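# sequence first, predicted model second:
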Amino acid sequence: MSDGGEFPAVVELNIGGVSYTTTLKSLTSQPDSLLYAIFTGREPVMKDAKNRYFLDRDGVLFRYVLDFLRDGTVVLPECFRERERLKTEAEKYMLHGLVEAIASETRNRPPGVITVGYRGSFQFGKDGMTEVKFRKLNRILVCGKVDLCRSVFGETLNESRDPDHGQSERYTSRFFLKHSSLEQAFDMLLEQGFKLGGSCGSGTAGGATDIKPGVDVEENRWNHYNEFVFIRE
């Protein structure tokens, strides 16, 4: 452990296995914080084998902590999914301003509605077996205001079938997701503060006719379409 002696102007850090280099001025920019107490010698700190100051915290999220220490603000990326974890880190470091900044960003998110729909079936066993093997989704559709959809789904949003790129203020029903995991889509919506407002479904096709060549008859009986409406107030 450090004996609380003088710290260098440029400080090498090991935060949970992730290396950072910053200034002592940044680390001591928030007088009421744990980092201020550590890097003014009031609290002990360990060093690793490379003589870097070691803190056993989340190394990846520390980049946002460091951003806040540098200029007193933090800008989180679109579709950032770890606000609660970052808030916990901020609380551990006793960075009350960062805690408030995270809470304020959450409060200031615009309200809106996003509809998620999918057409799917169930995959069955071979040779007439009726055991359901797994849920089969063809595509997850996304409808709503363009900039809102982008802020929630980020790089997982496929806009290739939408002809009017770049107009973020409009609404569209032509987006779909690059993956077919319905629960992943729901998780992303919930993490952005959306709640399920309602849902509807077509039910299964039952005695559907005009089956395309090569389509499994039993599987076709279970074709269905569902929609889910998510609301952020």
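Alright, I've got the coordinates.
# ok, Gly144 to Asp56 distance?
Distance, Gly144 to Asp56, by CB to CB, to the nearest Å: 42 Å. (Each C-beta comes from the backbone N, C-alpha and C, glycine too.)
# and the residue nearest the centre of the chain?
The residue lying closest to the centre of the chain (CA atoms, centre = their mean) is Arg81, at 2.4 Å.
# for that residue, which non-adjacent residue is closest in space?
The shortest distance from Arg81 to any residue other than its chain neighbours is 5.1 Å, reached at Glu191 (CB to CB, 6 or more residues apart in numbering).
# quick one: pLDDT of the closest residue to His96 other than its chain neighbours?
Nearest non-adjacent residue to His96, counting by CB to CB, 6+ apart: Asp32, 6.8 Å away. The model reports Asp32 with a pLDDT of 95.
# count of neighbours near Asp32?
Each residue near Asp32 was counted by other CB atoms under 10 Å, and the total is 10.
# which SSE is it in?
Applying DSSP states H and E as the criterion places Asp32 outside every helix and strand.
# what values do phi and psi take at Thr172?
With angles defined as degrees, to the nearest 10, Thr172 sits at phi -150, psi 150.
# neighbours of it, just the number please.
The burial count for Thr172: 17, using other CB under 10 Å.
# for it, give me its contacts.
Thr172 sits next to 143-144, 146, 149, 162, 164 when contact means CB atoms under 8 Å, 6 or more residues apart in numbering.
# can you flag which of those residues belong to strands?
Counted as lying in strands by DSSP state E, out of those, are 143-144.
# quick check on the contacts of Thr172: which are buried?
Using 16 or more other CB atoms under 10 Å as the burial test, the contacts of Thr172 include 143-144, 146, 149, 162 as buried.
# how about the residues you listed, which pair is most distant?
Pairwise distances across the buried ones among the contacts of Thr172 (CB to CB) peak at 12.0 Å, for the pair Gly144 and Asp162.
# domain parsing for the chain?
Split into domains by automatic domain parsing, the chain comes to 10-107, 112-232.
# show me the helices in the chain, by range?
Per DSSP state H, the chain carries helices over the ranges 24-27, 34-38, 62-71, 83-92, 96-107, 146-153, 182-191, 217-220.
# mean pLDDT for the domains of the chain: which is lowest?
When I compare the domains of the chain, domain 112-232 is least confident, with a mean of 81.
# ends of it, how far apart?
The straight-line separation of the ends of domain 112-232 (CA to CA, to the nearest Å) is 5 Å.
# wait, what's in contact with Asp48?
Residues in contact with Asp48 (CB under 8 Å, 6+ apart) are 14, 54.
# next one: it relative to His96, how far apart?
Using CB to CB, Asp48 is found at 29 Å from His96.
# thanks a lot, catch you later.
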